[in-house]
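In: Here is a sequence with its predicted model. Questions after.
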2 protein chains.
Amino acid sequence: MSKSISIFDTTLRDGTQGEGISLSADDKLKIAKKLDDLGVHYIEGGIPGSNMKDIEFFKRVKDLNLRAKVTAFGSTRRKNSQADQDDNLQRILDAGVPAATLVGKSWDFHVHTALQTTLEENLAMIGDSIAYLKSKGLEVIFDAEHFFDGYKNNPDYAAAVMSRALEAGADWLVMCDTNGGTLPHEIRDIVTSLGLHLPGAPLGIHTHNDCELAVANALSAIEAGVRHVQGTINGYGERCGNANLCSIIPTLQLKMGYSCIPGDSLPHLTNTARYVSEVANVNMPVNQPYVGSAAFAHKGGIHVSAILRDSRTYEHISPELVGNKQRVLVSELAGQSNVLSKAQDMGLSLDPSSEQARKVIDKIKDLEHQGYQFEGADASLELLLREATGEMNELFTFESFKMLVEKSAGKPVVSEAFVKLKVGNETLYTAGEGNGPVNALDNALRKALLAHFPQLKEMHLSDYKVRVLDEKDQTAAKVRVLIESKNYTDTWSTVGVSANIIEASWEALVDSMRYALLGQMSPETTELLDLGQCGLINH
Amino acid sequence: MSKSISIFDTTLRDGTQGEGISLSADDKLKIAKKLDDLGVHYIEGGIPGSNMKDIEFFKRVKDLNLRAKVTAFGSTRRKNSQADQDDNLQRILDAGVPAATLVGKSWDFHVHTALQTTLEENLAMIGDSIAYLKSKGLEVIFDAEHFFDGYKNNPDYAAAVMSRALEAGADWLVMCDTNGGTLPHEIRDIVTSLGLHLPGAPLGIHTHNDCELAVANALSAIEAGVRHVQGTINGYGERCGNANLCSIIPTLQLKMGYSCIPGDSLPHLTNTARYVSEVANVNMPVNQPYVGSAAFAHKGGIHVSAILRDSRTYEHISPELVGNKQRVLVSELAGQSNVLSKAQDMGLSLDPSSEQARKVIDKIKDLEHQGYQFEGADASLELLLREATGEMNELFTFESFKMLVEKSAGKPVVSEAFVKLKVGNETLYTAGEGNGPVNALDNALRKALLAHFPQLKEMHLSDYKVRVLDEKDQTAAKVRVLIESKNYTDTWSTVGVSANIIEASWEALVDSMRYALLGQMSPETTELLDLGQCGLINH
């Protein structure tokens, strides 16, 4: 039996049914290019004629000259009509694609309830539609909607649907678990049973994640003989999403001995997943399998000391195989090995047995005890470690800030900030407004620093998180602020802690700018700067 | 064979190994209470003695009188030593819990690499430690770390580990897929094989999600005979997380015929999942199976018209079974019944077909669209509903507030607030200081109101949470503030939303005081009050 699996990506069609996922034609073209680079076999682009975006996509995708087959999605012909006069089928032909995905009913309940037609007419709709598209030279992938629910309810009818599709010339017969409610052992049994009914038929699988089993169900079908799998990047899709190709592909390829995409493409998987999440403007869960930023991140102290000895002790694969990397998180649960391995990553020479090392580890522990958390604030940690090894980059001498929020009945709230500091011998006193207090502080601080550090123009805040640390103490509790910043090439995170949310934000804000300028200042500039207090993490 | 499954929750221990998850002792106690209400059998609280939080947790959890067994986690004794002189085991005993989770090695590679001892000594460490804790009257759950990797590498040794644990008196023998790299069919085969080796032994399963298969692997083990499953709420845990109990429990109970938690607890599942994510301050993915806000949300037009005819057409279960609800992303039907049932709970007569009811439901929807969330803010919802039915309790006419935060080099940060408002015809203008801006506002507002509403003396803020809603818009993003307040008898929560964190806090603060005075004012007092704007949820 062949050990190669055909990968069908429907991020651009079923993926966009997910809540919060909306892709422009441009977005879709970018993602299509990326998917093609990864080496998937089919890219389902959308529903031609359903909206202007999809029409534009199918028009422009031809210019990309993709190796993957682009497919257009549509339903079987309407009941009691002719395939060659069906608008939907005509639109698929007009899209000018080499392949079509046709969806048809295979659950008798749906034929009655949703289509409101007879079982025999539904079979005719399927047979006619496939035969018509085949006669026009298209490859046809038949998606049997609700196949598993249908099979449980009426196995003979569900099987008859597949037989009819096969007779009509369908290239793939895809069993869909549309509602996502089927379990892996049921998938295995039903696929096996259909395989016996249609020996050698080209079977495919399409699963949804409503029971958190979409990936397991796809693998279960493949074990039972299926050779075509449909899914989306990052598992985007309606309700709980579709089967996640970013988990299916590496598992098939690295653990089950199947080939899906070219071996030299697999290390592009993490980058592809993150790229698609950026284009879709959806935060990627840090703990996403294989490709998430925490997928190979270690926090427990025992784990960390073991992986430093041999990474197989707590890693199921080498992260580089999928283009990801190992990370060691610094937290109170962890010991000194975490900190030292971080320093090594940064290329800092920190002798583990030195007084210097002991001091900085004690300081980090003390800060964590105060409520700082460095696992989400790599940049603040790097600043601390660089300070410990004698590298300094104080930007300015802090003198004061004031922050004013004012609200009068019937008027919008106003936020203003005033910042006073010295760069070299020059005293700067600036004011800024904003939508909120942190925005106002950012604007005032930026105004003061830009003349001296024009590179700051390139950076901006991209994320802001607040955590109240000890809720027992009412509003006098401590607050931890995490700020994420970006420039054209990098993203970094910083932390601030205080009983006062404004002060905590200020700390994280200043660290964020210090980090942006790391290594960007000439030695002369550095010398010019006063090395006094500047409101950073208290030293 | 028994069809009941023992549920072991490790959110408070393994869950906190997840990146970004950090729980205070208070957080842990709140979650423990919620888990107990749900009806899990074991609650693993932490590692006694590893840090102050866990020590405090084990001390205070006794006062909660939970039905669930609280367990403390630790390793088997150190090599070449005696169990009764082992610090770790002593700390477990000191925790005063009825059950212990002991982790031991079952992968020969780890015995050599991580423990650096002999296979025989590792067996002795396991046997001695279990026997010692059993002799002290504890129930012992033995977690065999890396059991599946161990079994693949050296099945005889992995089996010998389990035999030794059983002989020593372990109550559960838990097979852990610590690295999360095992596949469902491997789990099935290995569990079956161990079951033949130790017929009738009390087997358990602990899986991780590194291949997006944690839930499938747990179910696969249960199918092969396991009767104890370990996991976390929302799948929190190291790297890609642990097996998600919020998916395992309903699948076992609704689809596989097992009983796990009391049947009348299952509708609390969604609320439990969301509560834990709130306490952990981690955004819950909208598409999380069973309990996510999009888990039963329908977007496609065809899907929507079909579910309106019969929801089984595109829903694998009825969402109410797990306490979730159907949402139609384009329709107005969602939520209405919830709101009406809330009103009924409060004893309000709100006729479902009235203009009044339609208006308040529209308003709640509009507020939710703006980012308000009433699931964690019952008091704000109650105020809205009471307003809709004509009950008013405006405390004052808002005129203005000012909030000033000031920080100078070398001095502590100062927060001051100034509040101007009218009660009846009297204008009040007060100033307050505080550790932070919200504390200062609370103090200034209280000062203004206390003379008229002395009952406010009895209430105080007990919890304060901040959530940034749209993280893409930098510091201009919207912020949701939840405030929990208490008096001698009650606890209530209120919400505020604004691009400005100070304004959002003000809204929640004012609602909190309005709620405190609900029903406490005589009709005369009520009439005296002006019914104008007071900076509440915008009306």
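Out: Looks like it came in fine. Numbers count the residues shown, from 1 in each chain, chains lettered A, B, ... in the order given.
In: And the closest residue to chain B within the stretch 51-200 of chain A, what's its pLDDT?
Out: For the stretch 51-200 of chain A and chain B, the shortest gap (C-beta to the nearest C-beta) falls at residue A:181, measuring 2.6 Å. For glycine as for every other residue, the C-beta is placed from the backbone atoms N, C-alpha and C. With respect to pLDDT, residue A:181 scores 97.
In: right, and it touches residue A:152 too?
Out: No: when contacts are counted by C-beta atoms under 8 Å, residue A:181 is not listed as touching residue A:152 (10.1 Å).
In: of those two, who's got more company?
Out: Comparing residue A:181 with residue A:152 by other C-beta atoms under 10 Å in any protein chain shown, the one with more neighbours is residue A:181, at 21 against 14.
In: pLDDT weak spots in chain A?
Out: Along chain A, segments meeting pLDDT under 70 span A:1-2, A:281, A:300-302, A:330-337, A:375, A:392-393, A:470-476, A:519-539.
In: how does it divide up, domain by domain?
Out: Per automatic domain parsing, the structural domains of chain A span A:6-253, A:397-528.
In: Buried deepest among the ones you listed, which one?
Out: Of those, the one with the most neighbours on average (mean count of other C-beta atoms under 10 Å in any protein chain shown) is domain A:6-253, at a mean of 22.
In: what's the burial count for residue A:313?
Out: Residues lying near residue A:313 (other C-beta under 10 Å) number 22.
In: For it, give its distance to residue B:106.
Out: Distance of residue A:313 to residue B:106, computed by C-beta to C-beta, to the nearest Å: 13 Å.
In: if I look at the residue lying farthest from the centre of chain A, how far off is residue A:396?
Out: Of all residues in chain A, residue A:425 has its C-alpha farthest from the mean position, at 46.6 Å, by C-alpha atoms, centre = their mean. In this view, residue A:425 and residue A:396 are 11 Å apart by C-beta to C-beta.
In: Same check on residue A:373?
Out: Using C-beta to C-beta, residue A:373 is found at 26 Å from residue A:396.
In: the more surrounded of those two?
Out: residue A:396 (26 against 21).
In: from memory the more buried one sits against residue A:422, does it?
Out: Yes: using C-beta under 8 Å, residue A:396 is in contact with residue A:422, at 6.1 Å.
In: Now for the residue of the stretch 251-400 of chain A at minimum distance from chain B: which residues touch it?
Out: Of all residues in the stretch 251-400 of chain A, residue A:316 sits closest to chain B, at 2.6 Å by C-beta to the nearest C-beta. Contact analysis of residue A:316 by C-beta atoms under 8 Å, 6 or more residues apart in numbering or on different chains lists B:179, B:180, B:181, B:210, B:211.
In: Repeat the analysis, applying 10 Å as the threshold.
Out: By C-beta atoms under 10 Å, 6 or more residues apart in numbering or on different chains, the residues touching residue A:316 are A:254-255, A:289-290, A:295-296, B:149, B:177-182, B:208, B:210-211, B:239-240.
In: Please flag which of those sit within helices.
Out: Using DSSP state H, the members of the contacts of residue A:316 that fall within helices are residue B:149.
In: Distance-wise, check residue A:157 relative to residue A:78.
Out: 20 Å.
In: whoops, I mixed them up, residue A:293
Out: Distance from residue A:293 to residue A:78, by C-beta to C-beta: 47 Å.
In: cool, and residue A:507?
Out: Note on residue A:507: its distance to residue A:78, by C-beta to C-beta, is 64 Å.
In: quick one: residue A:479 and residue A:501 touch, right?
Out: Yes: in this structure residue A:479 lies within contact range of residue A:501 using C-beta atoms under 10 Å: 4.6 Å.
In: who touches both of these two?
Out: Shared contacts of residue A:479 and residue A:501 (C-beta under 10 Å, 6+ apart): A:466, A:468, B:436, B:438, B:464, B:466.
In: need the contact list for the nearest residue to residue A:215 once chain neighbours are set aside.
Out: Among residues not flanking residue A:215 along the chain, residue B:212 sits closest, at 4.4 Å (C-beta to C-beta, 6 or more residues apart in numbering or on different chains). Counting by C-beta under 10 Å, 6+ apart, residue B:212 touches A:209, A:212-216, A:219, A:235, A:243-244, A:246-248, A:251, A:288-290, B:180, B:240-241.
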